[in-house]
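Participant: Quick one: sequence plus predicted model below, questions after.
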Amino acid sequence: MNRIFSTDHRTIGLQYLLLAAVAVVIGTIMSLMMRIHLVWPDRFLPIKPEDYLALVTLHGTLMLFFVLTTAPQSGFGNLILPAQIGARHMAFPLLNAASFWLTAVALATLLASSFVQGGAAISGWTAYPPLSAVASAGPGQGLGMDLWLASIALFGIATTASSINTLTTIVARRCSGMTWQRLPLTVWGWFTASLLSIIAFSVLLAALLLLFLDRHAHASFFIPAGDLVSGTLHTQGNGSPLLWLHLFWFFGHPEVYIAILPGMGLTSMILANFSRRRVFAYRTMISTTLLIGLLGILVWGHHMFVAGLNPFVGSAFSISTMAIALPSSAKVLSWLATTWRSRPRYTTPMLFALGFVSLFITGGLTGPILAQPILDQYLHNTYFVVAHFHLIMAMAGIFGLYAATYYWFPLIANGRILSERLGRWHFFTTFAGAYATFLPMHLAGLAGEPRHYSQLTGMASASSRLLGRQLPLQDFITHAAFLLAEAQLIFVVNLIQTLRRPGHASNNPWDATTLEWSPPIAPDAEPSVHREPCEYAADGSFSPQWEPAHKPE
Amino acid sequence: MSLPFSPLLPIDASAHGPALDRHLILNLAIALALLAITHLILLIGLVRSRISTQRSIWAVEYLPLAALALLFAALTIHAERLWASTRYTGADPAALQVEVTGLQFAWYFRYPGSDARFGTTRPQLADAPAGNPLGLDPADPTSADDFLSSNLVLPANREVDLRLEAQDVIHGFSVPELRIKQNAIPGQPQHIHLTPTLPGTYAILCTQLCGLGHHRMSANLRVLPQPEYQAWLKAKEAAATQ
Ligand code: HEM
Ligand SMILES: [Cu+2]
Ligand SMILES: [Cu+2]
């Protein structure tokens, strides 16, 4: 019992990773079912349109919340963060355990929603009202929607609590010598993501509560007077569906940075480590991390260019969004400069970090395009957007998680190192699969294909002609998606084989400089830090953070 | 106007479209170029042997950032001008008025008839089987000559002022060939205006997830040469008022 309901941060971190693994497997199977249905509508899986939309909704919710938010932030945050700042524990161990179990209940609630009457929610992970606010609006808007709301609310409470924990730990539990400017960039990633989580999830929680009141207490925050859904006329109150969009995206945009910031920090550290270089412009990297966090809160309206706002508002959000491209570009430049002519060691963590850089660039470059309202009025809600966010968030996020897993595996699994040979295979197939799957989606989007369509042909209008042309391309994408999914089996094999063997890695197998790799010290001794991370000399020697400046004679 | 990459995009049938297309293609070309440059730098840096000279943060970071800032600013300003010219002001008063209503899962197009005024609609009167899906109020004299169409029919080269409405949930009015997209929101009518140029039949899609029939919520746009449009209008008006 004590081993399951543990308050030890390492156990909790592992539990979070396990939960994310369950979610990613289910989410991936769902995405493959959607892909199969899209290109062979009746051959293998006769899916009804509402089932397709339930799959889209569950897939997006699972991946975004239960994979990309939990694994980097709560999973690796718990496993690695305390060691990296020289703390023995998280600030609030009991709260930590409670957060995890609440997250587990949230996941169970979400999965349970597919088995209730009326089916799982089908409003997408953005749950726009009035569709999501009125049970008579169709399948999935009854109990399934309530369970979706409950799941996300529980998740939001858990994540807020866990972020307070992370933040307090970073502020109060750093060991002596660990000044703010000596903090590893991973910690800056966790720090900024935690700040964003607290701000963003509290707004989301308020929005969820309002939607719940609309559904069950005859409130009208999001439903206008005179709204007529399937014969039911809404008469009292006069709410605005746009209010939900504001509240939701005020959460939704920071959320994508919550997902990616820890990966950005880790990528910086790994590139430096395996290039045997300092991180180029370390101080600037800290400020751009914080700047991205700050600007991330100010750009939510770029999801609403064609949602019905005053066009002047579109102009304002266009400018704030373009502004965020600059700190992001600064990070890319620093990564390029760190690796530039450095003769790197191509270990698997390094390969995944380089893959992260590549995917971040490719996915990121379409951001400024979508930030121009005149162009977004053509591209919004097409596959172009699906390509954009999968490359920059889903794929870069997953590459960050793999980099973390390969890199920290010796610390997680008692000195075992994952096979480099299998790791390389895993990387190259995944890299090829990611591009083959998501790059062609840009073309479908440019050709005008909307997302969330469970069927591309068979409609009695010109749309069949417009969309039918995309079938060969979509067929290719489905094949690529299968390649991408199958490539992950290499990782599973690697994991199983490695866990069977005893560990024999040295204390610091990657010659890293950050504190989590320091040799064990006496139980009553205090760790201390003497310099910035990533001090590598030109001859390849290095000075870890824990090594005193002048070794005692 | 034919563009080097035009097979990427569907036919362009609107007056504001060619400028939008040119700007989009320019953006795509810039994105591709930056993609190639950054990946080349990454690759060259990885294969060439190590140098240990200290590089200045000005040369490597601040200068390229300034260049990027200028580039993004130029793109933003140009995009803003296009956006402003299509969206900052309303339609010409002489523009053709059509009301577009989205409801699960169809589009309805209402024309004001010869009095050029839309009659009042009341949701409690809506009755699709009786042929009144929008709840047109028969007591209102201006509604007598209003008529509904399940396809949007427009004359070429005349500005149209579309009044977007939704009856139940949010829908997304989108015509790729006209390079236009705007959500229709219940309780909050929107106006957009544009000029179709090229006669033909185009797809009207719904781009905002609106329920299980979302993918089949489509209609046709028929852009007709002026004389044919007048003939269509005459026939419709005659049928509506008899
Ligand atoms: C094998 C890999 C994947 C495939 C084939 C895939 C496929 C899809 C498909 C078909 C959609 C629905 C598109 C639409 O009609 O709107 C979608 C949406 C989405 N996916 Fe993925 N996906 C994959 C991986 C991921 C990952 C790893 C994440 C995040 C961790 C992710 C996050 C999302 C999100 C947030 C949405 C939007 C959901 C919505 O708008 O309702 N996906 N994906
Ligand atoms: Cu955003
Ligand atoms: Cu719709």
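Facilitator: Noted; the coordinates are in hand. Ligands and ions are numbered 1, 2, ... in the order given.

Participant: Which residue is the nearest non-sequential neighbour of residue B:205?
Facilitator: Leaving aside its chain neighbours, residue B:205 sits nearest to residue B:174 (4.7 Å; criterion: C-beta to C-beta, 6 or more residues apart in numbering or on different chains). For glycine as for every other residue, the C-beta is placed from the backbone atoms N, C-alpha and C.

Participant: Is the one you found in a helix, a strand, or coil?
Facilitator: Under DSSP: H, G, I helix; E, B strand; the rest coil, residue B:174 falls in the strand class.

Participant: again, but for residue A:417
Facilitator: Reduced to three states with three-state DSSP, the structure at residue A:417 is coil.

Participant: right, and it touches residue A:409 too?
Facilitator: Yes - assessed by C-beta atoms under 8 Å, residue A:417 is found in contact with residue A:409 at 6.3 Å.

Participant: Identify the contacts common to these two.
Facilitator: Shared contacts of residue A:417 and residue A:409, defined by C-beta atoms under 8 Å, 6 or more residues apart in numbering or on different chains, comprise residue A:498.

Participant: More neighbours: the two, which one.
Facilitator: Counted by other C-beta atoms under 10 Å in any protein chain shown, residue A:417 and residue A:409 do not tie: residue A:409 has more neighbours, with 24 against 20.

Participant: From ligand 1, how far out is that one?
Facilitator: 21 Å (C-beta to the nearest ligand atom, to the nearest Å).

Participant: what separates the residue nearest to that residue when sequence neighbours are not counted from ligand 1, distance-wise?
Facilitator: Of all residues not flanking residue A:409 in the chain, residue A:418 sits nearest, at 5.2 Å (C-beta to C-beta, 6+ apart). Residue A:418 sits 20 Å away from ligand 1, going by C-beta to the nearest ligand atom.

Participant: can you pull the contacts of the nearest residue to residue B:50 once chain neighbours are set aside?
Facilitator: Of all residues beyond its chain neighbours, the one nearest residue B:50 is residue A:343 (4.3 Å), with distances taken as C-beta to C-beta, 6+ apart. Residues in contact with residue A:343 (C-beta under 8 Å, 6+ apart) are A:275-276, B:49-50.

Participant: returning to what we had before: from what I can see the residue nearest to residue A:409 touches residue A:492, true?
Facilitator: No - using C-beta under 8 Å, residue A:418 is not in contact with residue A:492, being 11.4 Å away.

Participant: neighbour count winner among those two?
Facilitator: When residue A:418 and residue A:492 are compared for neighbours, residue A:418 comes out ahead with 22 against 12, by other C-beta under 10 Å.

Participant: how close does the more buried one get to residue A:461?
Facilitator: Plainly put, residue A:418 is 53 Å away from residue A:461 if you go by C-beta to C-beta, to the nearest Å.

Participant: residue contacts, residue A:154?
Facilitator: If you count contacts by C-beta under 8 Å, 6+ apart, residue A:154 has them with A:102-103, A:105-106, A:109.

Participant: one more time with 6 Å, if that's ok
Facilitator: Neighbouring residues of residue A:154 by C-beta atoms under 6 Å, 6 or more residues apart in numbering or on different chains: A:102, A:105-106.

Participant: where's the nearest residue to it once chain neighbours are set aside, which helix or strand?
Facilitator: Once flanking residues are discounted, residue A:154 sits nearest to residue A:106: 3.9 Å by C-beta to C-beta, 6+ apart. Under the criterion of DSSP states H and E, residue A:106 resides in helix A:93-112.

Participant: where does the chain have low pLDDT?
Facilitator: This is for chain A. Applying pLDDT under 70 to chain A flags the ranges A:1-2, A:550-553.

Participant: Chain B was what I was after
Facilitator: B:1-6, B:53, B:242.

Participant: 80 instead?
Facilitator: Along chain B, the model assigns pLDDT under 80 to residues B:1-7, B:50-55, B:241-242.

Participant: could you pull out the strands for the chain?
Facilitator: All of this is about chain A. Along chain A, counting by DSSP state E, strands occupy A:228-229, A:232-233, A:535-536, A:542-543.

Participant: actually it's chain B I care about, not the one you picked
Facilitator: B:96-103, B:106-111, B:147-149, B:152-155, B:160-166, B:171-175, B:180-184, B:190-194, B:200-206, B:219-224.

Participant: mind listing what residue B:153 touches?
Facilitator: Neighbouring residues of residue B:153 by C-beta under 6 Å, 6+ apart: B:222, B:232.
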